[in-house]
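In: Provided below for reference: sequence and predicted model.
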Amino acid sequence: MARMRVSRKDDGSGAELEFLQESGIEGKIELNVDQLSQLIASLGAARAGLLENTKIPPIDGASFMPVYRTNWALQIDALTEGSLLAFQHPAYGPIGLVLGPQDAEMVIKGLQRHRGMIHSDPGAARKPS
């Protein structure tokens with residue numbers, strides 16, 4: 001049973017964290033975008049800590065939120081000698097995914113395969129539709 005609800009304010013200026021009756025706490029907290037981002041990061045860190053000794057579940061069948069508009073960067077990850085793909089997730093803020101050398105190779109091959117399936121002409125990917 002939910003004990004709180006977070007929603008965007010009607011005027012779009014921020015968000016409200018409202019305690020529901022089941023929580024035993026009354027009231028709401030107004031949050032600006034920076035405060036909401038800090039709360040999301042703190043909740044994510046707490047969740048990661050709770051799950052650190054558990055097996056990572058399979059991705060097959062999992063629901064996820066695709067990101068279509070973002071800024072991203074690719075850089076070398078010195079620790080793994082792989083690649084770090086970093087991007088701005090609209091719901092969670094900055095995210096970084098480290099791909100070890102074998103995983104990076106799998107992504108490269110997968111992207112090349114997808115490109116061949118979608119664009120029979122390699123230059124077509126750069127042409128407007």
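Out: Thanks, I have the structure now. For clarity, every value in this text was computed on a predicted model and none was experimentally measured.

In: now the helices: where do they sit in this protein?
Out: Per DSSP state H, the chain carries helices over the ranges 33-51, 101-118.

In: for the protein, what are the low-confidence residue spans?
Out: For the chain, the stretches with pLDDT under 70 are 119-129.

In: mind giving me the domain ranges of it?
Out: 4-51, 72-126 (automatic domain parsing).

In: I'd like these as CSV, with mean neighbour count and distance to residue 65 appended.
Out: C-beta here means a position set from N, CA and C on the backbone, and glycine is covered the same way. Below are the domains of the chain laid out as CSV (neighbours: other CB atoms under 10 Å; distance: least, CB to CB, whole Å):
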stretch, mean neighbour count, distance to residue 65
domain 4-51, 12, 13
domain 72-126, 12, 6
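
In: on that earlier part again, any chance of TSV for the helices of the chain, columns distance to residue 3?
Out: Compiled in TSV, the helices of the chain are given as follows (distance: least, CB to CB, whole Å):
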stretch	distance to residue 3
helix 33-51	14
helix 101-118	38
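
In: out of these, which comes closest to residue 95?
Out: Evaluated with CB to CB, those place helix 33-51 nearest to residue 95, the distance being 9.6 Å.
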